[in-house]
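S.K.: Return atomic coordinates for the entry below.
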Amino acid sequence: MSGSPRPPGGFVRRVGPFQATAINMSQMCGIGPFVTIPLMVSAFGGPQAVLGFVAGAVLALCDGLVWAELGAAMPGSGGTYVYLRQAFRHRTGRLLPFLFVWTAMLFVPLIMSTGVVGFVQYLGYLAPGLGRTSGDLVGLGVIALVVVLLWRGIEHIARITAVMWAVMIASVFLVIAAAATGFSPHLAFTYPAHALDVTSGHFWPGFAAGLTIGIYDYLGYNTAAYMGAEIKDPGRTLPRSIVLSILGIMAIYLLLQIGTLGVVDWHRMTDPHDIASTSVVSAVLERTWGRGAADAVTVLILVTAFASVFTGLLGGSRVPCDAARDRVFFRPYARLHARHRFPALGLATMGVITAIGFLIGRHTDLATLIQLLTTVMVIVQALAQIIALAVLRRRRPALSRPYRMWLYPLPAVIAFTGWCVIYGYADENSPGRHPVEWSLAWLALGCAAFLVWARLERAWPFGPQEAEEPEEAEEAQNAADRTAEEGTALEAG
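M.R.: Numbers count the residues shown, from 1 in each chain. This is a model prediction of the structure:
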């Protein structure tokens, strides 16, 4: 695998800057903001919760610059596991790329399960008598329907994504418009006493919980980087699409959050018996435009939730397949369905984990599920990728980098610190749930699975370390030649 791999399997670079930005934004803004506004308010204890979306945007932007440099330098199919494989191959072989795929098979379906939880929550607005058991059955039915539709083979996926994008945009802007017609600055900007007292023992745990929810809402800014083999001029397109999508979604979220807080009293969002705690957007529409408008927009939100789960499992099921084909994961995951040519095992595995995650979210709470999925991805994706950036800068200085991080290493340090804050406060913000312990247990299980896989494949540590690739040797030689030329020039001077 080269530092800048050619598009494999006949991929054509046909995705331009606008399409790449739209792909990122459509993945970022699914059901998330519709279900997390009450969670953000509960975390901060008031309308100052808007800080959570701002902090999430800062973390997303700094982490996005890491993705931008790595994606522009190595614009192939695979994303994180490509970068980790390039950075750490000489010491640990395929361990970190394997662990990334292992964790992706957990956190990707967990993200999808939050969409199903949101679907059932908003369905409860249209059907107030929906009980817990009935809600569980509806959610499991939604997951089964998604898997069945994907199992039969889906064509014209671009059209489905376009419909999802249109429905999502319509939902968001209808809510923003409705909130503007009934906006009260007093509700939106009257903070409780000591709300911003950073010396308080309650501020930083609340901030960490809000940051976790905020970054969850921004997840997806890296989607185009996974499609690097199909991006036109990736050295320019990927960095621009990442930055523009984060800024665009931040503007939407701030308008949505502030507008909602200006219509619905934040105390209602923290009351588990109030509809505003589970279907706050419907409550905004009902208060401003009436019940009919609220019902109509709620239907759009249900469509958005279903479509986000559909496209998420569609893309997520390909991750273990691509890795297995590159001999970085268990070989059975590389097999395609004989008739419809899709990764059947990957889809089935992620469908089952999505169902389990949905039941966990329903019988604990959505905030716990978000804490679990973020802690799972922090070590092997977020932190490892930031370290990989530094390693590649040191080990492969001659690697072609069409984009270099602005103000390096400051954004990387901020991103690393932000992810550590999320991880460090995870257990405190989920008492009795132990998301950190669960994430470490999953990582340990992944290490055991890697040893089984490495034994079967006779790979490191049961085989020789991987040899240096021709591209790396050429880069090293070019760097040595340049150093020699500079030395000769100095002597001649």
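
S.K.: And residue 268, what's its pLDDT?
M.R.: pLDDT recorded at residue 268 is 91.

S.K.: Equivalent analysis for residue 124, please.
M.R.: 90.

S.K.: count of neighbours near it?
M.R.: Residues contacting residue 124 under the criterion other Cβ atoms under 10 Å number 20. Any C-beta I mention is one placed from the backbone N, CA and C, and that applies to glycine too.

S.K.: Remind me which helix or strand it belongs to.
M.R.: Following DSSP states H and E, one finds residue 124 within helix 95-126.

S.K.: Now that helix: buried residues?
M.R.: Within helix 95-126, the residues scored as buried using 16 or more other Cβ atoms under 10 Å are 95-125.

S.K.: How about stretch 71-88?
M.R.: Going by 16+ other Cβ under 10 Å, stretch 71-88 has these buried residues: 71-88.

S.K.: Stretch 295-305 now?
M.R.: 297, 298, 300, 301, 302, 303, 304, 305.

S.K.: contacts for it?
M.R.: When contacts are defined by Cβ atoms under 8 Å, 6 or more residues apart in numbering, stretch 295-305 is touched by residues 30-31, 34, 115-116, 118-119, 122-123, 125-126, 164, 167-168, 170-171, 174-175, 178, 279, 281-282, 285.

S.K.: Please apply the same query to stretch 323-341.
M.R.: In contact with stretch 323-341 (Cβ under 8 Å, 6+ apart) are residues 1, 78, 81, 85, 94, 97-98, 101-102, 151-153, 320-321, 342-346, 453, 457, 459.

S.K.: repeat that with 7 Å
M.R.: With contact meaning Cβ atoms under 7 Å, 6 or more residues apart in numbering, stretch 323-341 is reached by 1, 81, 85, 94, 97-98, 101, 152-153, 320-321, 342-346, 453, 457.

S.K.: Which ones among the buried residues of stretch 71-88 map onto helices?
M.R.: 71, 72, 73, 80, 81, 82, 83, 84, 85, 86, 87, 88 (DSSP state H).

S.K.: Farthest-apart pair in the residues you listed, please.
M.R.: 72 and 88 (19.8 Å; Cβ to Cβ).

S.K.: Run a quick neighbour tally on the residue nearest to residue 103 when sequence neighbours are not counted.
M.R.: In this structure, residue 103 finds its nearest non-sequential neighbour in residue 380, 4.8 Å apart by Cβ to Cβ, 6 or more residues apart in numbering. Neighbourhood size, residue 380 [other Cβ under 10 Å]: 26.

S.K.: so residue 380 touches residue 105, yeah?
M.R.: No. Assessed by Cβ atoms under 7 Å, residue 380 is found out of contact with residue 105, at 11.5 Å.

S.K.: List the buried residues in stretch 386-399.
M.R.: Quick answer for stretch 386-399 (16+ other Cβ under 10 Å): 386, 388, 389, 391, 392, 393, 396, 398, 399.

S.K.: quick one: low-confidence parts of this structure?
M.R.: For the chain, applying pLDDT under 70 flags the ranges 1-12, 14, 76-78, 90-91, 152-162, 229-230, 340-341, 466-493.

S.K.: and the residue nearest to residue 202 when sequence neighbours are not counted, how far is that from residue 397?
M.R.: Nearest non-adjacent residue to residue 202, counting by Cβ to Cβ, 6+ apart: residue 45, 7.4 Å away. Distance, residue 45 to residue 397, using Cβ to Cβ, to the nearest Å: 48 Å.

S.K.: next structured bit after the helix holding residue 124?
M.R.: helix 132-151.

S.K.: Now the residue nearest in space to the middle of the chain. Its backbone dihedrals?
M.R.: The residue lying closest to the centre of the chain (Cα atoms, centre = their mean) is residue 219, at 3.1 Å. Dihedral angles of residue 219 (phi, psi; degrees, to the nearest 10) stand at phi -60, psi 130.

S.K.: and it, what does it touch?
M.R.: Counting by Cβ under 7 Å, 6+ apart, the residues that residue 219 touches are 28, 111.

S.K.: Phi and psi next, for residue 299.
M.R.: The phi/psi pair for residue 299 (degrees, to the nearest 10) reads phi -60, psi -40.

S.K.: how close does it sit to residue 308?
M.R.: 15 Å.

S.K.: do the same with residue 66
M.R.: For residue 66, the distance to residue 308 - Cβ to Cβ - is 25 Å.

S.K.: Please say which of those two ends up with more neighbours.
M.R.: residue 308 (27 against 24).

S.K.: how far off helix 95-126 does the helix or strand hosting that one point, in degrees?
M.R.: For residue 308, the host element (DSSP H and E) is helix 291-316. Relative orientation of helix 291-316 and helix 95-126, computed by axes from the mean of the first three to the mean of the last three Cα atoms, to 10 degrees: 160 degrees.

S.K.: and the direction of the helix or strand that helix 291-316 is followed by versus that of helix 95-126, what angle?
M.R.: Once helix 291-316 ends, the next helix or strand along the chain (criterion: DSSP H and E) is helix 318-325. Between the axes of helix 318-325 and helix 95-126, defined by the same axes, to 10 degrees, the angle is 160 degrees.

S.K.: Could you dump the buried residues of stretch 295-305 into a markdown table and include distance to residue 464?
M.R.: Listed next are these as a markdown table, based on distance: Cβ to Cβ, whole Å:
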| residue | distance to residue 464 |
| --- | --- |
| 297 | 60 |
| 298 | 59 |
| 300 | 56 |
| 301 | 54 |
| 302 | 54 |
| 303 | 53 |
| 304 | 50 |
| 305 | 49 |
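
S.K.: quick one: which of those is nearest to residue 251?
M.R.: residue 304 (18.7 Å).

S.K.: helix or strand for residue 36, which one?
M.R.: helix 32-44.

S.K.: Kindly spell out which helices and strands sit in contact with that helix.
M.R.: helix 50-73, helix 95-126, helix 203-218, helix 234-261, helix 266-269, helix 280-289, helix 366-377 (3 or more Cβ pairs under 7 Å, 6 or more residues apart in numbering; DSSP states H and E).
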